[in-house]
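Trainee: Prediction below, plus the sequence it came from.
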Amino acid sequence: MTRIHIAADHGGYEIGRALQARALAAGHDVIWHGPDALDPGDDYPAFAVRVGKAVVDDQDAALDAFGVLVVEDPAFAVVAANKVTGARALPAVSPNVAIAGRKGVDANVLVLGGDALEQIAWQTLIAFVTTKLDHAVDPARRVLQIQEYESAGTIEGWAVQLEPEQVAVQHD
Ligand SMILES: O=C(CO)[C@H](O)[C@H](O)COP(=O)(O)O
């Protein structure tokens, strides 16, 4: 069962709640990170950081977890979520964009726009949580380089070299 941490600010509240309901109905372990009700004055950074941190904590504990944020302009919340060490948030307007983000950079937080059609947003979410990082040296090495900078503060050290046998075994 995939755990989905989800939140929305006032720019995406309705779609956020709709996606929460659909994910629950589909059998996922869904955790809503707020707000409790539509608040036209709320601010996205707290939701973005909460969701990013919850996902990273779960992934560090080897849980299958993803984050979903729904806001008016996804780019802003992407910036906030990516301040969490270990978060790799990206905006996606379609399943294909979500799939590319999962395959290319092992993205773990999906940021959707509140003006998205519910059905497209749902298909994008499902594509995101069911696609894996490409089992290839290049994307794996690049994710390791990002992680190297996050943890060591350098971008040219231990993670630059990666041989094919060092890529983690893919589990389907
Ligand atoms: O897009 C957003 C975050 O990424 C917010 O939903 C947006 O900034 C809200 O702005 P406003 O209060 O002006 O409606």
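Mentor: Great, that's in hand.
Trainee: how much distance is there from the helix-or-strand element of the chain with minimal mean pLDDT to the middle of the chain?
Mentor: Counting by mean pLDDT, DSSP states H and E, the chain has its least confident helix or strand at helix 137-152, which shows a mean of 89. Distance of helix 137-152 from its chain centroid, counting by CA atoms, centre = their mean, to the nearest Å, is 17 Å.
Trainee: Stretch 142-155 now?
Mentor: Using CA atoms, centre = their mean, the offset of stretch 142-155 from its chain centre is 18 Å.
Trainee: And for stretch 52-65?
Mentor: For stretch 52-65, the distance to the chain centre is 10 Å (CA atoms, centre = their mean).
Trainee: Tell me the buried residues in that stretch?
Mentor: Buried residues in stretch 52-65, counted by 16 or more other CB atoms under 10 Å: 52-56, 58-59, 65. Placement of C-beta: from N, CA and C, glycine included.
Trainee: what about it and the ligand, any contact?
Mentor: No. Judged by CB under 6 Å from any ligand atom, stretch 52-65 stays clear of the ligand, getting no closer than 13.2 Å.
Trainee: Which residue ranges of the chain form strands?
Mentor: 3-8, 29-32, 65-71, 89-91, 109-113 (DSSP state E).
Trainee: Turn these into CSV, columns for mean pLDDT.
Mentor: Shown next, in CSV, are those (pLDDT from 0 to 100):
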stretch, mean pLDDT
strand 3-8, 98
strand 29-32, 98
strand 65-71, 98
strand 89-91, 98
strand 109-113, 98
